Structure formats: structure tokens, C-alpha cells
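Peer 1: what shape does this take:
(one chain, ligands or ions: 2)
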Amino acid sequence: MKTVLVTGASGQLGSCLQKIANERLEIDWLFLTSAEMSVSSKKDLRLVFGNKQIDYCINCAAYTNVEKAESEKDKAFDINATAVKELALICKEHNLVLIHISTDYVFDGEKELPYLETDLTNPINVYGASKLQGEKHIQEILDKYFIFRTSWLYSQFGHNFFKTVLKKAYEGETLNITTAQTGTPTNANDLAEFLTNLIVEGNANYGLYHFSNLGATTWYGFAKKILEITALNEKVELNKDTSYTTIAKRPQNSVLDKEKLETSFKIDLNTWEKAVEELLRSEYKDLLEHATR
Ligand SMILES: NC(=O)C1=CN([C@@H]2O[C@H](COP(=O)(O)OP(=O)(O)OC[C@H]3O[C@@H](n4cnc5c(N)ncnc54)[C@H](OP(=O)(O)O)[C@@H]3O)[C@@H](O)[C@H]2O)C=CC1
Ligand SMILES: Cc1cn([C@H]2C[C@H](O)[C@@H](COP(=O)(O)OP(=O)(O)O[C@H]3O[C@@H](C)C(=O)[C@@H](O)[C@H]3O)O2)c(=O)[nH]c1=O
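Peer 2: Numbering: from 1, shown residues only. Ligands and ions are numbered 1, 2, ... in the order given. Next up, the predicted model:
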């Protein structure tokens, strides 16, 4: 049986993995929250990795506040870059596989087509720059690693755009949503399931990959879909916002090309529309029943 350590276990992706873990008993899971093991503490890392035989580490620990990162650069780099370097070093020392999650925000968004793994990176905000530095450390230190760049993660857990839209709409608030970015919303449960299968199968096609649901939309398009499925569009106003102000810049286009992923892992990805519908049907039944009444 493989032992899998999940860092940042109470975050969004960590919580999706915990949900799957309840059913996937062929893995010996070890979930550690930031309070139980800080990836920024060498002492914590030594203690955990020294005390247990671990086969895989899924690093879900990260600094993910894109807006705040602009004024907390040191903190963002500490968690997303320096700590990742220490994690990679300890994974090498113990000869285990590191599975790391990175982001579409490593790109500047100037490309018109979907981004390939080989495309030039050029982050335009602090969060993206810190995540890119983390990727580079892993690639310099390890051979046995997977880096999955993903985009616009959402789920029933944690803080995310999907939940913000649902909450605001449920409370009857008018929604003004930007059309300035095009990308792909990705159901974090789909990513968690993919990672679990990868480990169970023992796939050793190590390297850097892009993982997201299929298709592309704007944040406005994503909000529109959520409101349509839940019929909340009958109750709240949704406006396209062409000048929504934010502190951090975001890439105009961050759609990721998934051909390398699909070829290497023989995976059938969900379209983003189907993925959001599935989440609403499985986790928000009451809301949908109400909608069809
Ligand atoms: N969310 C998104 O839209 C996207 C996310 N990603 C990447 O996916 C991964 C997972 O993201 P997601 O689950 O959404 O992020 P969350 O912000 O939901 O979770 C991050 C977790 O990391 C923990 N953490 C922060 N600092 C430390 C630390 N020093 N040691 C240990 N744990 C720490 C946090 O704990 P606490 O709350 O206690 O601080 C939190 O539980 C990240 O690498 C992120 O960069 C990529 C693309 C899109
Ligand atoms: C809440 C809200 C946001 N927006 C805009 C702001 C922003 O441009 C966009 C998305 O807002 P958010 O703050 O939810 O998203 P943001 O923090 O940019 O999300 C990113 O998070 C990191 C962790 C990633 O790695 C990325 O892939 C991406 O998911 O929508 C509106 O236009 N109207 C609104 O009411």
C-alpha cells in the first residue's frame, strides 16, 4: 500500500482529496494542515518525513491570495518558492515522488492560443512569479516529480469564485463580473480524482503538465453558467463589467493546452460546463430542487 502525504490539507484541493480518501482505501493517506506541518518549517518537515515512510507527497500548501500577494511579496515567495525548495530537497533525500500544483498565472496572457507546457513563462503578478519560482526549484532538484499547472479551481470547499457567485446571488446581490480574462474553470474534485488515480496506477511519466477542464470562457461566462443551472438568473441581475478594478494584474488569456496530459495519461477530461453542472447536482441538491420547482 502506498503512503501519501498531503500538505495544506484543509485548503480547497486538500479537502477534495480528503473527501476522495474516504472511498479510496487502497492508499494510506496522511493529511496534515498548516498547523500540523508548516512547509515553511524545516523542523516540521524533518519530523514528519523522518518518522514515516512516505511514497508520494501532494503539495497542496500554498499562498493563494492573488490580491494580497502584491503587498505580501516576501510571504508569498516564502510559501510558494522557498518552502517548495525545502520540500523538494527532503523528497530527494527520502527518494519519494513530489506532486506539486502550479498555476496558469505563470503566463502573461498575451498568447492568443492555449498555452503549451513549453511556452515562455512571464508572470505579471507576484503570486504568479512566486509559483513559477517554486516550479523552477523542483525542476532543478528532482527527477521524480509531477508539476500540474491548473486554472480557476473551484469546488464546494474553501474560498473560490464559484462559491462567491452563489453566495452573492443567493443573497440577491447584483453581480458585476469582468469579461477581461479568458481561461478555464476547473472543478478541483476532478483534479483530486486524477491525482489519486495517477498514484494508484503508479504512473511514472514524470514532468510538467497542464491540467484543467476543457473549453474556455470568461469569469462573466462562468458566473452566467452558475446562475443558469441554479435558475438564480431569474432572481438576480448579472452585468458584464469591462473595468472591474483589482490590485493584481491577471493574464488576459490563460487557457491551457492539455494535449500532453491527455496523451501521457489517457484521460478523458470533462468540459468545464459539464464539470460545474456535476458539482451543483452532487453538492447543491437543495438549491437545484428549488430551481426546478
Ligand atoms: N485556487 C485556484 O484557483 C488555483 C490554485 N492553484 C494551486 O493549487 C494549489 C491548491 O490550491 P487551493 O487548494 O485552491 O488553495 P487554498 O488557499 O484553498 O489552500 C492552501 C492551503 O495551504 C495552506 N498553507 C498556507 N501556508 C502554509 C504553510 N506554510 N505550510 C502548510 N500549509 C500552508 C493553507 O492553510 P491555512 O489556511 O491554514 O493558511 C491552506 O490550507 C495551490 O498550489 C495553488 O497555487 C492553481 C491554479 C488555480
Ligand atoms: C468577486 C468578483 C470578482 N471579479 C473578478 C476579479 C478577477 O479578475 C476575477 C476572478 O476573481 P477571483 O479573485 O476569484 O480570482 P483569482 O484570485 O484571480 O483566481 C486565481 O486564483 C489563483 C490562486 C490561481 O491560481 C488562478 O488560476 C485563479 O483561479 O473575477 C469580478 O469581476 N466581479 C466580482 O464580483
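Peer 1: any low-confidence regions in the stretch 151-293 of the chain?
Peer 2: With pLDDT under 70 as the threshold, the stretch 151-293 of the chain has low-confidence stretches at 291-293.
Peer 1: can you do 50?
Peer 2: Along the stretch 151-293 of the chain, the model assigns pLDDT under 50 to no residue.
Peer 1: what are the boundaries of the strands in it?
Peer 2: Using DSSP state E, counting those that start in this stretch, the strands of the stretch 151-293 of the chain run over 153-154, 175-178, 182-183, 186-187, 207-210, 217-218, 238-241.
Peer 1: interface residues of this protein facing ligand 1?
Peer 2: Residues of the chain lying close to ligand 1 (C-beta under 6 Å from any ligand atom) are 7-8, 10-14, 34, 38-40, 60-62, 64, 79, 83, 101, 103, 131, 150-153, 158. No exception for glycine: its C-beta is placed from N, CA and C like everyone else's.
Peer 1: list buried residues within those residues.
Peer 2: Buried residues within the residues of the chain next to ligand 1, counting neighbours by 16 or more other C-beta atoms under 10 Å: 7-8, 10-14, 34, 38-40, 60-62, 64, 79, 83, 101, 103, 131, 150-153, 158.
Peer 1: hmm, back to that, can I get the strands of the stretch 151-293 of the chain in CSV with distance to residue 167?
Peer 2: Formatted as CSV, those follow (distance: least, C-beta to C-beta, whole Å):
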stretch, distance to residue 167
strand 153-154, 13
strand 175-178, 11
strand 182-183, 21
strand 186-187, 18
strand 207-210, 30
strand 217-218, 20
strand 238-241, 14
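Peer 1: closest residue of this structure to ligand 1?
Peer 2: residue 11 (2.0 Å; C-beta to the nearest ligand atom).
Peer 1: which stretches of the stretch 101-250 of the chain form helices?
Peer 2: Here the stretch 101-250 of the chain has its helices, by DSSP state H, counting those that start in this stretch, at 126-141, 161-170, 188-201, 219-230.
Peer 1: and stretch 175-187, what's buried?
Peer 2: Buried residues in stretch 175-187 (16+ other C-beta under 10 Å): 175, 177, 178, 180, 181, 182, 183, 184, 185, 186, 187.
Peer 1: not counting sequence-adjacent ones, nearest residue to the first one?
Peer 2: Just to be clear, that refers to residue 175. Excluding the flanking residues, the one nearest residue 175 by C-beta to C-beta, 6 or more residues apart in numbering is residue 238, at 4.8 Å.
Peer 1: I'm done for today, thanks for sticking with me.
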